[in-house]
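A.B. asks: Turn this into a structure:
(one chain, ligands or ions: 1)
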Amino acid sequence: MTTRRADRESDWSDLRADWEFRPGVTYLNHGSFGPSPAPVCEAQAEWQRRLQSNPMDFYVREYEPAYFAARERLAAFVRTAAANLAFVENATYGMNVVANGFPLAAGDEVLFTDHEYGAVLRVWRRICEPLGAKIATATLPFPFAEGKTGVDAILDAVDRAITPRTKLFVFSHITSPTAVIFPAAELCKLARDRGVRVCIDGPHALATLPLALDALGCDYYTASCHKWLSAPFGSGFVYVHPRHHAEIKPPVLSWGRIQPAVPTCWTDELMWQGTRDPSPYLSVPAAIDYLDAVGFEAYRERTHYLARYARQRIEQLTGKPAYVPDDPTWYGSMICLPLAHGDSRALQQRLRSEFGIETPIVDWNGRRFVRVSCHLYTTTAEIDFFVESLEQCLCETNSPRVPRKFGLKDYMYVAWFRDKQLKPDEEAYDWVAMFLIAANSAADAKGWGDRLANSFAERSHRHVFRQSDIDSPAKYGDYIRSENVPRVEYGVEAADDLIGW
Ligand SMILES: Cc1ncc(COP(=O)(O)O)c(C=O)c1O
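C.D. replies: Numbers count the residues shown, from 1 in each chain. Next up is the predicted model:
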């Protein structure tokens, strides 16, 4: 097979035919729900045919050996022993398996970062509350700095949040609302050194990162195979380190094994949880084979190339820089970029209804983001289409030219101009940001406007126009005031945002 080059579109076009999307849909949300390519769908259909053609034979004689074989393949893929892994329907179920048996008492703490998935928090809240145990949160520095400085800042924040009462640290390998790859091995080591167990919420890392669970040093790992691995919906796994096997209690109790066999270990209990369709589990090897045939490294390089392309284009559009370094150790096949404040649901819905684009608009910590997932079927043309559509939505929702009043702090608005149109003579920036700070003695007395302008200039490395520039026709004043300057306005909340940036 010839090597496919990450940046050559034609090298990937044959794979697109393996996915069948509804006409008119641009699918940029593999990170939430990852559809399977045709060979995986066929593998699942074949398992279902076998099941339907003689359910008795299938469940009683075929299911267990097929389950063990599929699990063996998955275990080799994630580098652990099969005895440490059980198939479950999804990462959520896996997290419930961990939580259900976890030894917690009143006063104990379960630590999270502030980037965790909401449903996972719900799982632990339900476990903690009746016991009098607590949820604690490590607030990580944001944005993330490059290299070791960025990693150390995360480790410091977590280290400071661990107390003598911390029993478990739960963190995402790759975060859902922000798409950041966390330094998992370093975090595991830190927690181990502090005597705290670790549970990694890993659905976004399976396939997008090479996983070696035994070497990683975690106590528990949960993942969905129906995200990036593109196995059928309803396939996931939970990993438990051998030292905790005896504690695990299945959230659902049934026979465990096909009678007359009886369950003898934690994974047995999860094999038979009542009658259900096991075809998603049994098709996981087909999903591994599919990506293996492309080459896992080629797959990662290509999808990162696309995510990086999306990152650059969205940054150019919004003028808001990404908050992770431009480095594959910090983000992989999925990228999240900040947007101006606004109605997230309306934007997500409009992208879908007017442009056929499926991608999440995420609210996180009082900020708004767009998250773009890239898989083998994604093209740069689709990303271009997405960015153009996004531009249309953003420009229209932020009414051009008419300055908005901002109630409480109506002395200020923030406007952005594309430098293509503004053409500042000596400036070489992609974008130019301008703050119009209206005369307001109270605001000036507080130095609020200057603080904002300075903070923004420093952090964005962009030129900030002052009121004096704007007032002076000799500089940019006439141009700025002219009617044809497009502008996108940001609410005062966005200004607050920039100060704390
Ligand atoms: C970080 C994270 N954890 C857990 C989940 C839950 O995955 P599932 O719905 O497949 O159980 C998700 C889903 O998007 C996620 O992003």
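A.B. asks: alpha carbons only for contacts and neighbour counts from here, please
C.D. replies: OK.
A.B. asks: ok, and does stretch 271-286 reach over to the ligand?
C.D. replies: No. Applying C-alpha under 6 Å from any ligand atom, one finds stretch 271-286 out of contact with the ligand, separated by at least 12.7 Å.
A.B. asks: Which positions within the helix or strand where residue 126 lies qualify as buried?
C.D. replies: Counting by DSSP states H and E, the element that carries residue 126 is helix 118-131. Buried residues in helix 118-131, counted by 16 or more other C-alpha atoms under 10 Å: 120-121, 123-125, 127-128.
A.B. asks: And the contacts of the helix or strand following that helix?
C.D. replies: Heading C-terminal from helix 118-131, the first helix or strand you meet, by DSSP H and E, is strand 134-138. For strand 134-138, contacts defined as C-alpha atoms under 8 Å, 6 or more residues apart in numbering pick out 107-114, 124-125, 128, 157-158, 160-161.
A.B. asks: which residues in the stretch 51-200 of the chain form helices?
C.D. replies: For the stretch 51-200 of the chain, helices defined by DSSP state H, counting those that start in this stretch occupy the ranges 55-57, 63-77, 91-101, 118-131, 147-161, 184-193.
A.B. asks: ok, back up a step: buried members of the contacts of strand 134-138 into PyMOL, please.
C.D. replies: To isolate in PyMOL the members of the contacts of strand 134-138 that are buried, counting by 16+ other C-alpha under 10 Å, one can use:
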select buried, resi 108+109+110+111+112+113+114+124+125+128+157+158+161
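A.B. asks: and the residue of the stretch 251-400 of the chain found nearest the ligand, what is it in contact with?
C.D. replies: Per C-alpha to the nearest ligand atom, the residue of the stretch 251-400 of the chain with the smallest distance to the ligand is residue 360, at 10.8 Å. Taking C-alpha under 8 Å, 6+ apart as the criterion, residue 360 is in contact with 29, 348, 370-372.
A.B. asks: any idea which helix or strand carries residue 371?
C.D. replies: Here residue 371 sits within strand 367-373, counting by DSSP H and E.
A.B. asks: For that strand, which helices and strands make contact with it?
C.D. replies: helix 296-318, strand 334-339, strand 361-364 (3 or more C-alpha pairs under 8 Å, 6 or more residues apart in numbering; DSSP states H and E).
A.B. asks: Out of the ones you listed, which is the most enclosed?
C.D. replies: Counting by mean count of other C-alpha atoms under 10 Å, strand 334-339 has the highest mean neighbour count of the helices and strands packed on strand 367-373, with a mean of 26.
A.B. asks: Any part of that strand near the ligand?
C.D. replies: No. Strand 334-339 stays out of contact with the ligand when judged by C-alpha under 6 Å from any ligand atom, the minimum separation being 11.3 Å.
A.B. asks: packing partners for that strand?
C.D. replies: When contacts are defined as 3+ C-alpha pairs under 8 Å, 6+ apart, strand 334-339 sits against helix 296-318, strand 367-373.
A.B. asks: Just tell me which of those ends up closest to residue 25.
C.D. replies: Taking C-alpha to C-alpha as the criterion, strand 367-373 is the member of those that comes nearest to residue 25, at 14.3 Å.
A.B. asks: Moving C-terminal from that closest one, which element do we reach first?
C.D. replies: Using DSSP H and E, the helix or strand that directly follows strand 367-373 along the chain is helix 380-397.
A.B. asks: Now residue 195. Nearest residue, chain neighbours left out?
C.D. replies: residue 167 (8.0 Å; C-alpha to C-alpha, 6 or more residues apart in numbering).
A.B. asks: Now for that neighbour: which residues touch it?
C.D. replies: Applying C-alpha under 8 Å, 6+ apart, one finds that residue 167 lies in contact with 104, 108-111, 195-197.
A.B. asks: Give me the nearest residue to residue 375, chain neighbours excluded.
C.D. replies: Distance criterion C-alpha to C-alpha, 6+ apart; nearest residue to residue 375, sequence neighbours excluded, is residue 303 at 5.6 Å.
A.B. asks: coming back round to it: would you mind giving the helices and strands packed on strand 367-373 as TSV with mean pLDDT added?
C.D. replies: Rendered in TSV, the data for those read as follows (pLDDT from 0 to 100):
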stretch	mean pLDDT
helix 296-318	97
strand 334-339	96
strand 361-364	95
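A.B. asks: could you dump these to a markdown table with distance to residue 150?
C.D. replies: As requested, the helices and strands packed on strand 367-373 are arranged in a markdown table below (distance: least, C-alpha to C-alpha, whole Å):
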| stretch | distance to residue 150 |
| --- | --- |
| helix 296-318 | 19 |
| strand 334-339 | 17 |
| strand 361-364 | 20 |
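A.B. asks: and residue 175, which of those is closest to it?
C.D. replies: Nearest to residue 175, of these and by C-alpha to C-alpha, is strand 334-339 at 10.0 Å.
A.B. asks: picking up where we left off before, kindly indicate which of the buried residues of helix 118-131 lies nearest the ligand.
C.D. replies: Within these, proximity to the ligand (C-alpha to the nearest ligand atom) peaks at residue 120, which comes in at 6.4 Å.
A.B. asks: Around the ligand, which positions in the stretch 1-150 of the chain sit nearby?
C.D. replies: Counting by C-alpha under 6 Å from any ligand atom, the residues of the stretch 1-150 of the chain lying close to the ligand are 32, 90-92, 117.
A.B. asks: switch the cut-off to 5 Å
C.D. replies: 32, 90-92 (C-alpha under 5 Å from any ligand atom).
A.B. asks: Any of those residues buried? List them.
C.D. replies: Buried residues within these, counting neighbours by 16+ other C-alpha under 10 Å: 32, 90-92.
A.B. asks: so where's this structure uncertain?
C.D. replies: Counting by pLDDT under 70, the ranges of the chain that qualify are 1-2, 396-501.
A.B. asks: what's the domain layout of the chain?
C.D. replies: 9-30+295-397, 40-291, 407-499 (automatic domain parsing).
A.B. asks: My guess is the residue nearest to residue 375 contacts residue 374. True?
C.D. replies: Yes. Between residue 303 and residue 374 a contact is recorded at 5.4 Å, counting by C-alpha atoms under 8 Å.
A.B. asks: where do the contact lists of those two overlap?
C.D. replies: Between them, residue 303 and residue 374 share the contacting residues 333-334, judged by C-alpha under 8 Å, 6+ apart.
A.B. asks: May I ask which two of the contacts of strand 134-138 are separated the most?
C.D. replies: Using C-alpha to C-alpha, those reach their maximum pairwise distance at 128 and 157, which is 22.8 Å.
A.B. asks: Next, format the buried residues of helix 118-131 as JSON lines and append distance to residue 152.
C.D. replies: Conversion of the buried residues of helix 118-131 to JSON lines gives the following (distance: C-alpha to C-alpha, whole Å):
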{"residue": "120", "distance to residue 152": "25"}
{"residue": "121", "distance to residue 152": "25"}
{"residue": "123", "distance to residue 152": "29"}
{"residue": "124", "distance to residue 152": "27"}
{"residue": "125", "distance to residue 152": "29"}
{"residue": "127", "distance to residue 152": "31"}
{"residue": "128", "distance to residue 152": "30"}
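A.B. asks: Which one of those residues is nearest to residue 206?
C.D. replies: The shortest gap between residue 206 and any of the buried residues of helix 118-131 belongs to residue 120, at 17.5 Å (C-alpha to C-alpha).
A.B. asks: Residues of the stretch 401-501 of the chain that sit close to the ligand?
C.D. replies: Within the stretch 401-501 of the chain, no position is adjacent to the ligand by C-alpha under 5 Å from any ligand atom.
A.B. asks: picking that back up, among the contacts of residue 167, which are in strands?
C.D. replies: Counted as lying in strands by DSSP state E, out of the contacts of residue 167, are 109-111, 197.
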